[in-house]
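[1] Only the shape, not the letters, is given here:
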């Protein structure tokens, strides 16, 4: 009874203050089990954040003047991280991107510069310029995509599963191999399963959360598809080997990355083209700033629950998955995003099934 009461109080504490770092609960750590500390760290990623995305290609291994490294990238956003599901062995965290928002860090830059800051564009839809929006409202076919009228973009999702044995490991060219690991291989570990904006698979890996010297972190290496920032610019490689590290801090959390850009062919050894450094910094801010995202999720959570259910049925088959890049000239999210929030499961299922390669 005491143990249950202790656990409930800790979860209540983190639930009321979801952004509080596990570091702030050090006084309770000695009374918590290892698994309870892990859950506290994962829940610390919930809340409202100003996010800075930073990437730079560091080392190149391709000789010749034809190779062009990716440009250095710095971007900012406001994101709400919602707890969608929680059981004893699983937590589902949904990221929601708030569009046309100028974070405080950019406002400061604008105030100190005569040049100002360019308005953030919709990374998953059509051009958001006034002219493009006007034209697409008159005739959506002109943009090649349905216009997105919502200020919220359903962003990526991360599921954390305790001692998970079922893995879908990326092998290049929209192909994921199903691998079942033994209980010994995943004992005490948490799998981070990362999904695209349309809830299709992206990458996943398993590792142990570490709580030591006032720090909480998790790190893993795994193969992954190209991120959107690269997929729209690069055609010379087809797989990214990611070294991911999640650190819980006193002001939020960070996603630290050391990535390899790899060309994988079935009949040859992998070719390493270049490496990059990535650092995504999540700075906690007042939750009221993400109120619009919280409201949007309440209105759309049933639709995306049906989408997750459809994907779960596919994953339960425990077979390799290969996806088509496009159907009717559109990517999957371009089919799913415009569908009404009250659409029946059959409509959503048909859109997803169309992308499953037999």
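    Thanks, I have it. Predicted model only: the values in this text are computed from it and were never measured. Numbers count the residues shown, from 1 in each chain.
[2] can you tell me which residues contact residue 276?
    55-58, 70, 257-259, 261 (CB atoms under 8 Å, 6 or more residues apart in numbering). Bear in mind the C-beta positions are built from the backbone N, C-alpha and C, glycine included.
[3] Whichever of the residues you listed end up buried, select them in PyMOL.
    The buried residues among the contacts of residue 276 can be selected in PyMOL (16 or more other CB atoms under 10 Å) with this line:
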select buried, resi 55+57+257+258+259+261
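[4] In a markdown table: the contacts of residue 276, plus pLDDT.
    Formatted as a markdown table, these follow (pLDDT from 0 to 100):
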| residue | pLDDT |
| --- | --- |
| 55 | 98 |
| 56 | 98 |
| 57 | 97 |
| 58 | 97 |
| 70 | 95 |
| 257 | 98 |
| 258 | 98 |
| 259 | 98 |
| 261 | 98 |
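[5] Rebuild the contacts of residue 276 as TSV, extending it with distance to residue 188.
    Putting those into TSV (distance: CB to CB, whole Å) gives the following:
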residue	distance to residue 188
55	32
56	35
57	36
58	33
70	37
257	24
258	24
259	27
261	32
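[6] which one of the contacts of residue 276 is nearest residue 340?
    Among those, residue 55 lies closest to residue 340 (CB to CB), at 35.4 Å.
[7] Quick check: bridge partners of that closest one?
    Beta-bridge partners recorded for residue 55 (DSSP bridges): residue 73, residue 278.
[8] OK, contacts around it?
    70, 72-73, 229, 276-278.
[9] Ok, residue 53 next?
    73-77, 278, 280.
[10] quick one: which of these is most hemmed in?
    Neighbour counts for those peak at residue 77, which has 21 neighbours (criterion: other CB atoms under 10 Å).
[11] Checking my notes, it in a strand, right?
    Yes. Counting by DSSP: H, G, I helix; E, B strand; the rest coil, residue 77 falls inside a strand.
[12] Looks like it contacts residue 96 (just checking).
    No. Residue 77 is beyond contact range of residue 96, at 10.3 Å (criterion: CB atoms under 8 Å).
[13] Buried ones in the strand or helix carrying residue 218, by neighbour count?
    Using DSSP states H and E, residue 218 sits within strand 215-224. When burial is assessed from 16+ other CB under 10 Å, strand 215-224 yields the following buried residues: 216-218, 220, 222-224.
[14] hey, where'd the helices end up in this structure?
    Along the chain, counting by DSSP state H, helices occupy 2-16, 26-29, 34-43, 104-111, 130-138, 228-231, 291-315, 332-336, 345-353.
[15] Quickly, which of those bottoms out on average pLDDT?
    Among the helices of the chain, helix 130-138 carries the lowest mean pLDDT, a mean of 39.
[16] okay, how far is it across stretch 330-346, tip to tip?
    End-to-end distance for stretch 330-346: 19 Å, by CA to CA, to the nearest Å.
[17] before we move on, what about stretch 217-233?
    32 Å.
[18] How about stretch 174-191?
    21 Å.
[19] who's in contact with it?
    34, 38, 42, 159-171, 201, 204-209, 218, 225, 318-325, 357.
[20] Lowest-scoring secondary structure element of the chain by mean pLDDT?
    helix 130-138 (a mean of 39; mean pLDDT, DSSP states H and E).
[21] Quick check: residue 242 touching residue 194?
    No. At 9.3 Å, residue 242 does not count as touching residue 194 under the criterion of CB under 8 Å.
[22] residues shared between the contacts of these two?
    Joint contacts of residue 242 and residue 194 (CB under 8 Å, 6+ apart) are 203, 224.
[23] which of these two has more neighbours?
    The residue with more neighbours, out of residue 242 and residue 194, is residue 242; 21 against 17, by other CB under 10 Å.
[24] Quick check: beta-bridge partners of the more buried one?
    residue 222, residue 259.
[25] can you give me the strands in the stretch 151-300 of the chain?
    152-162, 166-170, 175-180, 190-195, 201-207, 210-212, 215-224, 239-249, 252-263, 271-284 (DSSP state E, counting those that start in this stretch).
[26] Can you check which of those strands gets nearest to residue 335?
    The nearest among those, by CB to CB, is strand 152-162 at 13.5 Å.
[27] relative orientation of the closest one and strand 252-263 in degrees?
    90 degrees (axes from the mean of the first three to the mean of the last three CA atoms, to 10 degrees).
[28] what's strand 152-162 packed up against?
    Applying 3 or more CB pairs under 8 Å, 6 or more residues apart in numbering; DSSP states H and E, one finds that strand 152-162 contacts helix 34-43, strand 90-98, strand 190-195, helix 291-315.
[29] Arrange those in a markdown table, one row each, with distance to residue 346 as further columns.
    As requested, those are exported to a markdown table (distance: least, CB to CB, whole Å):
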| stretch | distance to residue 346 |
| --- | --- |
| helix 34-43 | 34 |
| strand 90-98 | 23 |
| strand 190-195 | 22 |
| helix 291-315 | 10 |
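[30] Quick check: beta-bridge partners of residue 82?
    Going by DSSP bridges, residue 82 forms beta bridges with residue 94.
[31] Identify the bridge partners of residue 207.
    Going by DSSP bridges, residue 207 forms beta bridges with residue 190.
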